[in-house]
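Peer 1: Here is a sequence together with a model predicted from it:
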Amino acid sequence: MTAGLIRWSVANRGMVLFGAAVLLFLGINVVTNTPVDALPDLSDVQVIIRTSYPGQAPGLVEDRITYPLSRAMLTVPKTSAVRGFSSFGDSFVYIIFEDGTDLYWARSRVLENLSRVASELPAEASPSLGPDATGVGWIFEYALVDRTGGSDLAELRALQDWFLRFELSGLPGVSEVASVGGVVREWQVVPDPVLLSRHGITLEMVLDKIGKNNREAGGSVMEQAGAEYMIRATGYLKSVEDFKKIALMTTPEGIPVYLEDVATINFGPEMRRGIADLNGEGEVAGAVVLMRNGENARRVIASVKEKLESLKSSLPPGVEIVTVYDRSKLIDGAIRHLSTKLVEEFAVVAITCAVFLLHLRSSFVAILTLPLGLLVSFVVMRFQGVTANIMSLGGLAIAIGTMVDASIVMVENLHKKIEKHRRENPDEPFDAALHWKLVTEASLEVGPAIFVSLLVITMSFIPVFSLRGQEGRLFSPLAYTKTYAMAGAAFLSVTLIPVLMGYLIRGRVPSENKNPVNRFLIAIYRPFLNLALKKPLLTLVFAVMVAVGGLYPLSRLGGEFLPRMDEGDLLYM
């Protein structure tokens, strides 16, 4: 089958080149649209339920919120763990799903179970799902600063909550814009227990009256003089005076008791559980931008920064937006580093081919097929949903060294064929038909063996796919990309490489013996080769001794999950 594919490719070289051009165009389009991130997403598939139960102690939150929700979520399909946490006024339930579970399918099933258990929760509890982001969704953070002192923390937080957050939340790929720091303003009603007791007023009555006095009501329509007038009553509380004049009850003497008679009303800050400080210069307000699961991190960050830049003109005088954390620097640094290494490997391949073959055009066979093999990997990555990150690109870097072997072996074999034919038939004209015949013969001699050897190397990474959990999520992108690149190289070795050899390897091909580099290296390794062949038993004993001698230092090396990584980025929390 492999021999037949080689013959077909040489006979239909126009179609092969057209297919390579289509692959090049498709690959470039995929590369420009592939999601890019610094590291693979190692987080579990999880859905978070946050339930607010204001003013309640953790023990009560645990009994009335966390326990019923955790019990109900145990029945969700594909669940691997359910964890509940209770704090003052808040309950958090984490539902962890099996690897490979679609996040949005998991969220829909959690919502189904949540609707069934909602009747068991207190009326004051308000459960909601967390954002559809993962543990690495934190991609951007900014702070609002006013060094002129014109805006206080409350105004900065209001600017973030009611302006910037709404503008950024609508951007594609943004899951949530979580506000941090600053001061949240609120109406504060502080009842006096003595005065409440004196008038026989309960806290429930105070809450009920405030709620009833802070609403709108519709009154249908009224027709007058041929026109319809819509009737409504507006009763929203807009100032401290509005709160003070809320009537709670009437005494037997007919005297109304107002809210100001039994309580103190203020407009002040909400109780804070934390602060945000910027570089030790003082408190600020800001936000964390979370990316939706599976989105292109670099593209989302770019749209966020572009939006913030356009909103700067709408900010009050003196208020500026300071970028605190921008993951695009880490992403660009990692991609730039690996891209540089890939270019260096291409250069090394070209120089090596040129030095050992003394034929520049022969080196272009390897240089042209390497990018196409990598593009095959990118195309499959795109359809599979694998992002371009330091691990997936690392797999390509590992594969390049083996991918180039096929082209080098086939090119060198063709050199041998041409050299032998010209030595044995010095007077025979070397026309195009003879040239393509030698190309076919040289490819058939080594092509099938190269194809099988590349497939064997491709299969060597299959055990990596058996890894599960964080190990699998970390190393599977590397294994995927190396496997796809090697498979692409194996296919190109029996289709495109013979065609490129026929077009590029022409003219005078220098003999291997005329290359001083080859003669020098052969002179070095030939005595060792002859000795190994003359003393096979001694050679095997020496190899076994080296292998056994390496066991002790191997046992002392130690190990860890990841090598130390210095990505040159810092976020202080």
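Peer 2: Nice, I can see it. Numbering: from 1, shown residues only.

Peer 1: Check which helices and strands the longest helix along the chain is in contact with.
Peer 2: With residue count as the measure and DSSP state H as the assignment, the chain has helix 390-424 as its longest helix. Of the remaining helices and strands, those touching helix 390-424 by 3 or more Cβ pairs under 8 Å, 6 or more residues apart in numbering; DSSP states H and E are helix 327-357, helix 360-384, helix 432-459, helix 469-493, helix 496-504. Backbone N, C-alpha and C define where each C-beta goes, glycine included.

Peer 1: Touching the helix or strand where residue 59 lies from outside, list them.
Peer 2: According to DSSP states H and E, residue 59 maps onto helix 58-61. Contacts to helix 58-61, defined as Cβ atoms under 8 Å, 6 or more residues apart in numbering, come from residues 53, 86, 87, 88, 89, 90, 91.

Peer 1: now do 6 Å
Peer 2: Identification of contacts with helix 58-61 by Cβ atoms under 6 Å, 6 or more residues apart in numbering yields 53, 86, 87, 88, 91.

Peer 1: Switch these over to TSV; also include secondary structure.
Peer 2: Supplementary listing: the contacts of helix 58-61 in TSV, determined by DSSP: H, G, I helix; E, B strand; the rest coil:
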residue	secondary structure
53	coil
86	strand
87	strand
88	coil
91	strand
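
Peer 1: Would you tell me which one of these comes nearest to residue 259?
Peer 2: The shortest gap between residue 259 and any of those belongs to residue 53, at 25.3 Å (Cβ to Cβ).

Peer 1: And the closest one, its phi and psi?
Peer 2: The main-chain torsion angles of residue 53 are listed as degrees, to the nearest 10 and equal phi -130, psi 80.

Peer 1: again with residue 319
Peer 2: Backbone torsions for residue 319, taken as degrees, to the nearest 10, come to phi -90, psi 130.

Peer 1: So what's the residue count around it?
Peer 2: Number of residues near residue 319 (other Cβ atoms under 10 Å) recorded here: 19.

Peer 1: That one touches residue 147, doesn't it?
Peer 2: No. Here residue 319 lies out of contact with residue 147, judged by Cβ atoms under 6 Å, at a distance of 9.4 Å.

Peer 1: Contacts for the helix or strand just after the helix holding residue 59, please.
Peer 2: Scanning forward in sequence from helix 58-61 by DSSP H and E, the next helix or strand is helix 67-73. With contact meaning Cβ under 6 Å, 6+ apart, helix 67-73 is reached by 49, 82, 84, 93, 95, 113, 117, 120.

Peer 1: Kindly reformat those residues as a markdown table containing secondary structure, neighbour count and pLDDT.
Peer 2: As requested, those are arranged in a markdown table below (DSSP: H, G, I helix; E, B strand; the rest coil; neighbours: other Cβ atoms under 10 Å; pLDDT from 0 to 100):
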| residue | secondary structure | neighbour count | pLDDT |
| --- | --- | --- | --- |
| 49 | strand | 25 | 93 |
| 82 | strand | 17 | 93 |
| 84 | strand | 20 | 92 |
| 93 | strand | 26 | 94 |
| 95 | strand | 27 | 93 |
| 113 | helix | 19 | 89 |
| 117 | helix | 17 | 88 |
| 120 | helix | 13 | 86 |
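
Peer 1: Out of the residues you listed, which is nearest to residue 506?
Peer 2: Closest to residue 506 out of the contacts of helix 67-73 is residue 95 (65.5 Å), distances taken as Cβ to Cβ.

Peer 1: Give me the distance between that closest one and residue 80.
Peer 2: Going from residue 95 to residue 80 by Cβ to Cβ, to the nearest Å gives 9 Å.

Peer 1: ditto for residue 144
Peer 2: 40 Å.

Peer 1: The two: who's more crowded?
Peer 2: Neighbours of residue 144 and residue 80, each counted by other Cβ under 10 Å, are more numerous for residue 144; the result is 26 against 13.

Peer 1: And the next helix or strand past the helix or strand harbouring that one?
Peer 2: With elements delineated by DSSP H and E, residue 144 resides in strand 138-146, which encompasses its position. Scanning the chain past strand 138-146 towards its C-terminal end, the next helix or strand to appear is helix 153-159 (assignment: DSSP H and E).

Peer 1: Please, where are all the strands along the stretch 101-250 of the chain?
Peer 2: Remark: strands of the stretch 101-250 of the chain, listed N- to C-terminal, are 126-129, 138-146, 174-181, 185-191, 216-224, 227-234, 247-250; assignment by DSSP state E, counting those that start in this stretch.

Peer 1: and the third one, which residues are buried?
Peer 2: The neighbour-count criterion (16 or more other Cβ atoms under 10 Å) identifies 174, 175, 176, 177, 179, 180, 181 as the buried residues of strand 174-181.

Peer 1: Report the strands that pair with it, each with its relative direction.
Peer 2: Sheet pairing for strand 174-181, assigned by DSSP bridges, gives strand 285-291 (antiparallel).

Peer 1: With the fourth one instead?
Peer 2: Taking DSSP bridges as the criterion, strand 185-191 sits next to strand 263-269 (antiparallel) in its sheet.

Peer 1: what does the last one give?
Peer 2: Strand 247-250 has the following strand partners under DSSP bridges: strand 256-258 (antiparallel).
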